[in-house]
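*Asks:* Fold the stuff below for me.
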Amino acid sequence: MNDNLPPYGAYAPKGVVAGIIGFTRALPGTWIAKRVGFLARRIGIAMLGGKPVDAESIGARFRLYPYNNVCEKRILFSPRDFDEKEREWLAARIGERFTFLDIGANVGGYSLYLAAKAGPSGRIIAIEPQPEVFGQLSYNIRLNPFGNVKAIEAAVADRNGELTLFLDPKNKGEASVKIVSADEARQVKVPARTLLDVATSEGLDHIDAIKLDVEGAEDIIMKRFFLEAPESLWPKAIVVERGEERWGIDLLGLLAERGYVIVGKTRNNHLMERRA
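*Replies:* Residues are numbered from 1 along each chain as shown. The predicted structure follows:
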């Protein structure tokens, strides 16, 4: 992202767009209200004309580009629809020295939400491989005063080195080391690191929680991690995207063998807690 852009606030929503954002955020969570919200959101996005929006949401400041990124659309127009249950579940586990790894951090929604709640003793590591999205993530971190978030530009995988990342042209939030769409996906080379390599290089002695949203590569990440990582680094809580049809192994079974139980499910994610 270009650091020479105007300062935060230069793209504050005004007029009708500001009204639409307030309207969509206030809507209830019913099916009809969501349909109305989608229509209002489309009108608001069209009125923005491709410009970014500076806005506060879910406890943090963001500069958002709500065009081809579902995550940014939800953070701006309907924060409730941005994994509210998952975020609250993780926040309820915050204690002293809370350590959270956000794998597939996108523009920082989970990371900044938890950073605001964890306080100065917390440690949030936001990992994002897409160069463009990583620029937005880094910028959003700088917009906030929390001081407990570190961004790492890498794809978490089953090996260190370099790999090909497939980018979905319709949604920047969907990128994977597995092919997203053979016909449309753009490919970029990105640095790759194992989860254990990230944890050890950051000097972590424990992990309270992780969020895994890597479009079907969750299985290769966790299989390698549990083969090598000491039990002291096994996370206490995991939010993992529901990608059973894309996994090459029974990831839920692997996690169950290591003491994890599913304590909740949402439309997109499993909420898992270690009870061994």
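*Asks:* Now do the helices in the stretch 1-150 of the chain.
*Replies:* With DSSP state H, counting those that start in this stretch, the ranges of helices along the stretch 1-150 of the chain come out as 15-26, 31-48, 70-77, 84-91, 109-118, 131-142.
*Asks:* Please report how far the spatially most central residue of the chain lies from residue 127.
*Replies:* Residue closest to the average C-alpha location in the chain (C-alpha atoms, centre = their mean): residue 105, at 3.4 Å. Using C-beta to C-beta, to the nearest Å, residue 105 is found at 6 Å from residue 127. Where C-beta positions appear, they are placed from N, C-alpha and C, glycine not excepted.
*Asks:* intersection of neighbour lists for these two?
*Replies:* residue 151 (C-beta atoms under 8 Å, 6 or more residues apart in numbering).
*Asks:* doesn't residue 262 fall inside a strand?
*Replies:* Yes: assignment of residue 262 by DSSP: H, G, I helix; E, B strand; the rest coil places it within a strand.
*Asks:* all numbers from here: first residue = 115
*Replies:* That works, and once the first residue is 115, the last one we named lands at residue 376.
*Asks:* show me what contacts it?
*Replies:* By C-beta under 8 Å, 6+ apart, the residues touching residue 376 are 366, 384-386.
*Asks:* By mean pLDDT, flag the weakest helix or strand of this protein.
*Replies:* Scoring the helices and strands of the chain by mean pLDDT, DSSP states H and E places strand 289-290 at the bottom, with a mean of 65.
*Asks:* SS state for residue 312?
*Replies:* At residue 312, secondary structure determined by three-state DSSP is helix.
*Asks:* before we move on, back to that, ok, and the closest non-adjacent residue to the residue nearest to the centre of the chain?
*Replies:* Computed as C-beta to C-beta, 6 or more residues apart in numbering, the closest residue to residue 219 that is not its neighbour in sequence is residue 240, at 3.7 Å.
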